[in-house]
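**Student:** Kindly generate the corresponding structure for this input.
(4 chains)
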Number of protein chains: 2
Amino acid sequence: METENIISFREAKACPIQFVLAVNDTLNVISGKWKLPIIGSLLFEKRRFTDIQRNISKITPRMLSKELKDLEMNGMVKRTVYDTTPITVEYELTESGKLLSDVLDKMLEWGIQHREATIAKN
Amino acid sequence: METENIISFREAKACPIQFVLAVNDTLNVISGKWKLPIIGSLLFEKRRFTDIQRNISKITPRMLSKELKDLEMNGMVKRTVYDTTPITVEYELTESGKLLSDVLDKMLEWGIQHREATIAKN
DNA sequence: TATACTGATATACTTTTGTATACTAACAAT
DNA sequence: ATTGTTAGTATACAAAAGTATATCAGTATA
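**Tutor:** Residues are numbered from 1 along each chain as shown, chains lettered A, B, ... in the order given. Model prediction:
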């Protein structure tokens, strides 16, 4: 079995290249026009496909399908199929997905401070 | 004078749409293939154009120039021209730009926890 | 029998983003 | 006179990301 190449927070912080690579991993999980709206939509409740589609009014089924697949592949979202008629499919955030809200909160905090800081300079 | 449409952390958290929009503002500032490497390169010291280019080996001057302009426009980077021969131009993070490291640290932390969480599930 | 619901997929297209490669001005040193 | 340094720009192209629109299978209801 191969040794997993896990890096500690301290190691990554010490090396600029490792730091950028590791942060980039996180960034890639939420990159793309629709990932954040989808995560936002699932942050407080499970939802079904059509439900999400209604919630994010301008998304096409093609994009929703594709982005949900990406999120599932990246361990952000769990997909459950129920054998009803017609079938229903439920999407929900994984534990790790829910934890992302800590990051989003920090981003929100910085975004607000940044807007104030840049407006102040005009 | 118009009223600035500043939203508080509490207000943004309470409304999913405002939340997504505000987080997206932050995300847009660091989006693109080269923004993070550039910010990383400037995180601990000022640097000149050619200096950054050497630091990020695969970036073309076209992209470096473009991304630096974006970052400057967004209030992330300050550009200072020195009238030497040949001229030298120094790039450095603004105060707000430096504060972004708080966000990046959170992303790093989450990224590491997420990698461990998803590997554990195999 | 026709229509509607579920959760998608197929095809073709446009827009955005990034790359490759060559080039510029202004001056200095060789 | 040629070469090197600075900090970029110009042009053309390739690749990635996103959009528009139509369609599918299976079942249920009118």
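**Student:** how distant is stretch A:107-118 from the center of its chain?
**Tutor:** The chain centroid and the centroid of stretch A:107-118 are separated by 20 Å under Cα atoms, centre = their mean, to the nearest Å.
**Student:** Quick check: buried residues in it?
**Tutor:** A:107-112, A:114-115, A:117 (16 or more other Cβ atoms under 10 Å in any protein chain shown). Quick note: C-beta positions are derived from backbone N, CA and C, even for glycine.
**Student:** List the contacts of the residue nearest to the spatial centre of chain A.
**Tutor:** With distances taken as Cα atoms, centre = their mean, the residue of chain A nearest its centroid is residue A:30 (4.3 Å). Neighbouring residues of residue A:30 by Cβ atoms under 8 Å, 6 or more residues apart in numbering or on different chains: A:36, A:39, A:100, B:27.
**Student:** Repeat that for residue A:70.
**Tutor:** A:32, A:35.
**Student:** biggest helix in chain A by residues?
**Tutor:** Of all segments of type helix in chain A, defined using DSSP state H, the longest is helix A:95-120.
**Student:** Please find the angle between the direction vectors of that one and helix B:95-120.
**Tutor:** Put simply, helix A:95-120 runs at 170 degrees to helix B:95-120, going by axes from the mean of the first three to the mean of the last three Cα atoms, to 10 degrees.
**Student:** Report whether helix A:95-120 contacts chain B.
**Tutor:** Yes. Helix A:95-120 comes into contact with chain B (Cβ under 8 Å from any Cβ of the partner chain), by way of A:95-96, A:99-100, A:102-119.
**Student:** repeat for stretch A:73-81
**Tutor:** Yes. Against chain B, stretch A:73-81 shows contacts by Cβ under 8 Å from any Cβ at A:74-75.
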